[in-house]
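*Asks:* fold the following.
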Amino acid sequence: MRLPQPMQRGTLVARYKRFFADIRLDSGEEIVAHCANPGAMLGLKDPGLPVWVSPSNNPKRSLAWNFELVETPTSLVGINTNHPNRVVAEAIANGAIAELAAYSACRPEVKYGERSRIDFLLTGEGLPDLYLEVKNVHFSRTPGLAEFPDCPTDRGARHLAELSAMVAAGHRAAMLYLVQRSDCERMTLAADLDPKYAAAFALARAAGVEALCYDCTVTTQEIVLRQALPIVPASDLL
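*Replies:* Okay, the predicted model is just below:
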């Protein structure tokens with residue numbers, strides 16, 4: 001997935017009200033950028049961090065910049081939660097996700113469950129429908145380990161329950177965690193931050209919901225799905 005160009009580098013001054021970020025560009029200009037991320041952004045919102053922003057292509061928007069990337073010593077990290085579905089859509093179209101490669105058609109944003117839309121519904125002749133939900137991951141407290149979520153997410157727990165219902169109805173269902181960074185070797189659930197989600201994940205897995213995790217190659221030009229990562233129980237990390 002290509003990022004809007006030209007990207008500009010700067011320094012984070014403050015991220016506030018969830019969707020706003022004050023940034024001082026390397027040119028010296030101070031801007032307010034849209035932060036498309038409702039999460040806590042733990043470790044990625046500290047003042048002084050080097051960041052990258054992209055220009056908005058919507059002239060009617062009040063904010064002319066989008067907060068895209070944070071520089072860490074080991075990786076650029078994508079924080080824009082609008083991007084994972086686009087990255088995954090491109091990967092599915094290119095046959096880059098082995099677990100999904102047999103499906104011939106992919107429809108986004110299909111209504112299902114009680115009041116939800118599935119990110120992707122995959123279909124193929126002779127195959128059960130596959131309901132695929134995508135979650136953005138950028139949180140890492142331990143070198144090499146990605147974690148999800150970085151704050152409580154009742155909505156995420158509800159999605160797991162609805163995927164379980166799809167399995168019970170005879171379909172396939174999968175949760176795909178997309179790690180928008182390239183410095184992690186595995187992923188786990190941050191059960192200390194959201195035990196309810198961790199419990200919902202365990203129930204969904206027991207019900208037959210599949211769990212996939214892939215990381216990304218992240219540059220200032222593009223974000224591209226890279227390779228599968230193992231999902232490990234928190235108990236294995238002790």
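
*Asks:* now the helix ranked longest in the chain - C-alpha only, CSV.
*Replies:* Counting by DSSP state H, the longest helix found in the chain is helix 154-168. Once non-C-alpha atoms are left out, helix 154-168 reads as follows in CSV (Å, rounded to 0.1, in the frame of the first residue of the first chain):
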residue,chain,number,x,y,z
ASP,A,154,-15.3,-4.0,24.2
ARG,A,155,-15.9,-3.7,20.5
GLY,A,156,-13.0,-6.1,19.9
ALA,A,157,-14.4,-8.6,22.3
ARG,A,158,-17.8,-8.4,20.6
HIS,A,159,-16.2,-9.1,17.2
LEU,A,160,-14.7,-12.3,18.6
ALA,A,161,-18.1,-13.4,19.8
GLU,A,162,-19.7,-12.7,16.4
LEU,A,163,-17.0,-14.6,14.6
SER,A,164,-17.7,-17.5,16.9
ALA,A,165,-21.3,-17.4,15.9
MET,A,166,-20.3,-17.6,12.2
VAL,A,167,-18.3,-20.8,13.0
ALA,A,168,-21.3,-22.2,14.8
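
*Asks:* what comes up buried for that helix?
*Replies:* Of the residues in helix 154-168, those scored as buried under the neighbour-count criterion (16 or more other Cβ atoms under 10 Å) are 156, 157, 159, 160, 162, 163, 164, 165, 166, 167. For every residue, glycine as well, the C-beta is placed using N, CA and C.

*Asks:* again, but for stretch 124-144
*Replies:* Buried residues in stretch 124-144, counting neighbours by 16+ other Cβ under 10 Å, are found at 129, 130, 131, 132, 133, 134, 135, 136, 137, 138, 139, 140.

*Asks:* where's the fifth one relative to residue 161, distance?
*Replies:* The span separating residue 133 from residue 161 equals 11 Å under the rule Cβ to Cβ, to the nearest Å.

*Asks:* how about the buried residues of helix 154-168 in a markdown table, adding pLDDT and distance to residue 121?
*Replies:* As requested, these are exported to a markdown table (pLDDT from 0 to 100; distance: Cβ to Cβ, whole Å):
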| residue | pLDDT | distance to residue 121 |
| --- | --- | --- |
| 156 | 95 | 19 |
| 157 | 96 | 21 |
| 159 | 95 | 14 |
| 160 | 97 | 17 |
| 162 | 96 | 13 |
| 163 | 97 | 12 |
| 164 | 97 | 16 |
| 165 | 97 | 14 |
| 166 | 97 | 10 |
| 167 | 98 | 14 |
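
*Asks:* farthest pair within those residues?
*Replies:* Set against one another by Cβ to Cβ, the buried residues of helix 154-168 have their most distant pair in 156 and 167, with a gap of 17.2 Å.

*Asks:* what about the most far-flung residue of the chain relative to its centre, which helix or strand?
*Replies:* The outermost residue of the chain, judged against the average C-alpha position, is residue 28 (30.9 Å), by Cα atoms, centre = their mean. Remark: residue 28 resides in no helix or strand, with elements defined by DSSP states H and E.

*Asks:* equivalent analysis for residue 202, please.
*Replies:* Element membership of residue 202 [criterion: DSSP H and E] is helix 195-207.

*Asks:* tell me which other helices or strands that helix touches.
*Replies:* Contacts of helix 195-207 with other secondary structure elements, assessed using 3 or more Cβ pairs under 8 Å, 6 or more residues apart in numbering; DSSP states H and E, are made with helix 154-168, strand 184-189.

*Asks:* redo these as a markdown table? Include distance to residue 111.
*Replies:* As requested, those are exported to a markdown table (distance: least, Cβ to Cβ, whole Å):
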| stretch | distance to residue 111 |
| --- | --- |
| helix 154-168 | 11 |
| strand 184-189 | 28 |
